[in-house]
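*Asks:* got a predicted structure plus its sequence, pasted below:
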Amino acid sequence: MKLKTKTKGRFVNSHEDVRLLWKTLLFGLLVLSRRAQAQEVIMSAPATPEMPPALQPFANTEMDVFVPAGGVPREQMAQPFRYKFLTLRPHPDYNFLYAQGILAAPGQPVNTVIQQISPGVRLDVGDHWILDYSPTWTLYSNNHFQDTLDQSAKLIGGTVYGSWVLGLSQSYTKSAVPQVETAAQTHEEMYVTALNGTYTINSKMSLDLAVNQDFDSVEQFQSYREWSTLDWLNYNFWARFNVGVGVGVGYDDVDRSPDMLFEQYQGRVEWRATDKVSFQVHGGLEDRQFFGGNSGDILTPVFGGGIQYQPFEHTKISLDAERVVGVSFLQDQISESVGINADLNQRLLGRLYLDLAGGYQHVKYINSNATPGPTRKDDFYYFDTRLSTSFLKRGTVAVFYRISDDSSSSAGFGFTSNQVGFEIGFAY
């Protein structure tokens, strides 16, 4: 049976609208995690996009092969911290990691134990809004690193209004973790805002609109403020096959380098070939101009794509690739990054989940002010293994191992690291 919701004097199919809303919100989440797509030094738990409770039963669009794992969703369990339309969901987490070869400074690899304690809490406001706050105490055994109290807060929500589906995401992150780009523990503070809208023109055509704001402040390195939009006109040729054309523009206000204006022209295709496999790809050109640095325009290809394949019920295989251009932490530099990642998730013995992930990223740093000098190039590889299981319905425990290697043309920035550890968490 299809549920229907009355909106502005008309009835809309809530399955279709909620799926559109989830797609809109997911785009906002991807914007929020843009910086996290860079090379990670320290292995972290796989990120799971949060969504308002009312949207979870409809989270999978027609392009999503993977379905949620079995079991009772947390939202259907007894909630001891509920009052009227407010639901408080604590999610404490503890992470222990022993890491070799982490760069404390260029040319200075060290070994350290890292402990992270995060007493996070999420507040559901009604069925369509989430407010999450997660402080994290990070403790290092090696005095080359500073112990820190990191902060993460985010607000995610959305609504349906007539033929419009609107989504809003706002995040704040304060962290101080080792970075491949800087070869050091890097203090960073980010404010990211994404406002997204989908408008249904008719049964075949729709618009996806987005306005994004990204403020990134980095101690001792280059900070910037970015405003951008990328808007799409979509056409549904037949069931499970969509195409779109997109046009975008953005502006980077950079502290230590020339400011930048850029335009993007892209196309995309989404195809659910069978029940077990789907393809999504987009690509085009970016034209980037610089102000005050006497540097010429840079015209470069940009693209991204992904494949989902589920040959068996408990086997999930994914592959994604991306080429992007953006502001670097390094003064008078922009970065061109090309990366590919693969992931295999397999359920074992009914209760264990094995996750194998690996990837490669090539990053080229380009002078943005036409100053002569060497261009840095990095080749980064990683392979992660993670084995997890649940306990007491709400608990999760995992053990993991990572090996990573960065080969850099700049002396002191390359490293090889081995990491092993475990994580235990509990979530309402």
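*Replies:* Structure received.
*Asks:* tell me where the stretch 201-350 of the chain has strands.
*Replies:* For the stretch 201-350 of the chain, strands defined by DSSP state E, counting those that start in this stretch occupy the ranges 205-218, 224-238, 241-254, 259-274, 277-291, 298-312, 315-327, 333-348.
*Asks:* JSON lines for the ones you listed, including mean pLDDT?
*Replies:* Listed next are the strands of the stretch 201-350 of the chain as JSON lines, based on pLDDT from 0 to 100:
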{"stretch": "strand 205-218", "mean pLDDT": "96"}
{"stretch": "strand 224-238", "mean pLDDT": "96"}
{"stretch": "strand 241-254", "mean pLDDT": "97"}
{"stretch": "strand 259-274", "mean pLDDT": "96"}
{"stretch": "strand 277-291", "mean pLDDT": "95"}
{"stretch": "strand 298-312", "mean pLDDT": "95"}
{"stretch": "strand 315-327", "mean pLDDT": "95"}
{"stretch": "strand 333-348", "mean pLDDT": "95"}
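*Asks:* would you mind giving these as a markdown table with distance to Gly358 added?
*Replies:* Heads up, the C-betas are built off the backbone N, CA and C, glycines and all. Output for the strands of the stretch 201-350 of the chain, formatted as a markdown table (distance: least, CB to CB, whole Å):
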| stretch | distance to Gly358 |
| --- | --- |
| strand 205-218 | 28 |
| strand 224-238 | 29 |
| strand 241-254 | 30 |
| strand 259-274 | 24 |
| strand 277-291 | 20 |
| strand 298-312 | 15 |
| strand 315-327 | 11 |
| strand 333-348 | 6 |
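*Asks:* can you say which of those is nearest to Pro90?
*Replies:* Closest to Pro90 of the strands of the stretch 201-350 of the chain, according to CB to CB: strand 333-348, at 26.4 Å.
*Asks:* can you name the element that comes right after that closest one?
*Replies:* Once strand 333-348 ends, the next helix or strand along the chain (criterion: DSSP states H and E) is strand 352-367.
*Asks:* buried residues, that following strand. List them.
*Replies:* 353, 355, 357-359, 361, 363-367 (16 or more other CB atoms under 10 Å).
*Asks:* which neighbours does that strand have in its sheet, and in what orientation?
*Replies:* Based on DSSP bridges, the pairing partners of strand 352-367 within the sheet are strand 333-348 (antiparallel), strand 377-391 (antiparallel).
*Asks:* can you count the residues close to Phe237?
*Replies:* By other CB atoms under 10 Å, 11 other residues sit near Phe237.
*Asks:* thinking again about what came up before, among the strands of the stretch 201-350 of the chain, which is nearest Asn196?
*Replies:* The nearest among the strands of the stretch 201-350 of the chain, by CB to CB, is strand 205-218 at 4.7 Å.
*Asks:* buried residues in the closest one, which are they?
*Replies:* 206-210, 212, 214-218.
*Asks:* ok, now stretch 167-182?
*Replies:* 167-182.
*Asks:* relative to Phe422, how far out is Ser416?
*Replies:* Heads up, residue 416 is Thr, not Ser. Per CB to CB, to the nearest Å, Thr416 is found 22 Å from Phe422.
*Asks:* same thing with Val65?
*Replies:* 30 Å.
*Asks:* neighbour-wise, which of these two wins?
*Replies:* Set side by side, Val65 and Phe422 show more neighbours around Val65, with 19 against 14, by other CB under 10 Å.
*Asks:* what is the neighbour count of the nearest residue to the more buried one once chain neighbours are set aside?
*Replies:* Sequence neighbours aside, Gln308 is the residue nearest to Val65 in space, at 4.1 Å (criterion: CB to CB, 6 or more residues apart in numbering). Neighbour count of Gln308, defined by other CB under 10 Å: 19.
*Asks:* swap in Glu219?
*Replies:* Neighbours of Glu219 using other CB under 10 Å come to 10.
*Asks:* please apply the same query to the one 5 residues further on.
*Replies:* Counted with other CB under 10 Å, the burial measure for Tyr224 works out to 21 neighbours.
*Asks:* what comes up buried for the strand or helix carrying Tyr401?
*Replies:* Using DSSP H and E, Tyr401 maps to strand 395-408. By neighbour count with 16+ other CB under 10 Å, strand 395-408 contains the buried residues 396, 398, 400, 402-404, 406, 408.
*Asks:* note down every partner strand of that strand and its orientation.
*Replies:* Each strand paired with strand 395-408, and its direction, by DSSP bridges: strand 377-391 (antiparallel), strand 415-426 (antiparallel).
*Asks:* just the C-alphas of the host helix or strand of Tyr98, formatted as CSV.
*Replies:* Tyr98 is located in strand 86-105, with elements delineated by DSSP H and E. Extracted C-alpha coordinates of strand 86-105, given in CSV (Å, rounded to 0.1, in the frame of the first residue of the first chain):
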residue,chain,number,x,y,z
LEU,A,86,12.2,14.8,20.9
THR,A,87,14.3,11.7,21.0
LEU,A,88,17.8,11.7,22.5
ARG,A,89,20.1,9.0,21.1
PRO,A,90,23.5,8.7,22.9
HIS,A,91,26.3,7.0,20.8
PRO,A,92,29.5,6.7,22.9
ASP,A,93,32.5,5.3,21.1
TYR,A,94,36.1,4.2,22.1
ASN,A,95,38.9,3.7,19.6
PHE,A,96,42.4,2.2,20.3
LEU,A,97,45.0,2.3,17.6
TYR,A,98,48.8,1.5,17.4
ALA,A,99,50.3,3.3,14.4
GLN,A,100,53.8,3.1,12.9
GLY,A,101,55.4,5.6,10.5
ILE,A,102,53.1,8.6,11.2
LEU,A,103,54.7,11.9,10.2
ALA,A,104,55.0,14.3,13.1
ALA,A,105,56.8,16.7,10.7
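*Asks:* thank you, goodbye.
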